[in-house]
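> sequence-free structure coming up:
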């Protein structure tokens, strides 16, 4: 099946925007630092669709944390539909919905894994609190604090990133893998 050029051009744009929307949802949920150029870029790029979604998406306990999540799901869903269509598979909304949830969870886990790895590397080279370092720190500290509760102190060595990376990989392997298997099972039936 020949994929039209317009779809070939739209797919990478949707893919990049899906990652940006997921990062916006993560940053808002984790209350990350919004006063740096990266956060400001993500905020500006997602501001208009989120403003539109606020009309339809209710606030939860006075917080607008749901609109970025809905944006991430919608963009990732559109990207999944385009991928399914370009591979010649019939479009199935229930299967696409399940696969979209799986892909958003998988990308969220991948973003957190990358952020933790960046934090580990930045801890080896002390360069002061730059904007990116502050953003990575505020985004990963909630997970690090949870892991520190369960892991005893080993003096100057911090094994919490290893524990978190293992936990995230386990969640990805079991949780996301199960959701993807369910989506593909729905797609085949």
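Cool, got the structure. Fair warning: this is a prediction, and the values are worked out from it, not measured in the lab.

> State the distance from the residue nearest in space to the middle of the chain to residue 48.
What sits nearest the mean C-alpha location of the chain, by Cα atoms, centre = their mean, is residue 108, with 2.7 Å. Per Cβ to Cβ, to the nearest Å, residue 108 is found 22 Å from residue 48. C-betas here are computed from N, CA, C, even on glycine.

> for residue 42, same thing?
Relative to residue 48, and taking Cβ to Cβ, residue 42 is found at 13 Å.

> Next: residue 177.
35 Å.

> And residue 107, by the same measure?
Following Cβ to Cβ, the distance that separates residue 107 from residue 48 is 22 Å.

> Comparing these two, which residue is more hemmed in?
More crowded of residue 107 and residue 48, by other Cβ atoms under 10 Å: residue 107, with 20 against 9.

> ok so that one is a helix residue?
Yes: counting by DSSP: H, G, I helix; E, B strand; the rest coil, residue 107 is found in a helix.

> Would you mind confirming that it is in contact with residue 21?
No: if you go by Cβ atoms under 8 Å, residue 107 and residue 21 don't touch, sitting 9.7 Å apart.

> all strands of the protein, in order?
For the chain, no strands are identified by DSSP state E.

> what residues are up against the residue sitting furthest away from the middle of it?
Farthest-out residue of the chain from its mean C-alpha position, per Cα atoms, centre = their mean: residue 155, at 32.9 Å. Not one residue lies near residue 155 by Cβ atoms under 8 Å, 6 or more residues apart in numbering.

> any weak-confidence spans in the chain?
1-6, 62-63, 128-129 (pLDDT under 70).

> ok, 80 please
The model of the chain has pLDDT under 80 over residues 1-8, 31-35, 59-65, 83-91, 126-132, 152-158, 187, 189.

> Can you show me the helices along it?
For the chain, the helices defined by DSSP state H occupy 5-29, 37-53, 66-86, 93-124, 131-150, 160-170, 177-188.

> Would you mark the buried spots in the shortest one?
Buried positions in helix 160-170, judged by neighbour count with 16 or more other Cβ atoms under 10 Å: 160, 161, 163, 164, 165, 168.

> same question, the last one
When burial is assessed from 16+ other Cβ under 10 Å, helix 177-188 yields the following buried residues: 179, 180, 183, 186, 187.

> Also stretch 146-155?
Those would be 147, 148, for stretch 146-155 by 16+ other Cβ under 10 Å.

> Likewise for stretch 24-36?
Here stretch 24-36 shows 24, 25, 26, 27, 28, 29, 30, 32, 33 as buried, counting by 16+ other Cβ under 10 Å.
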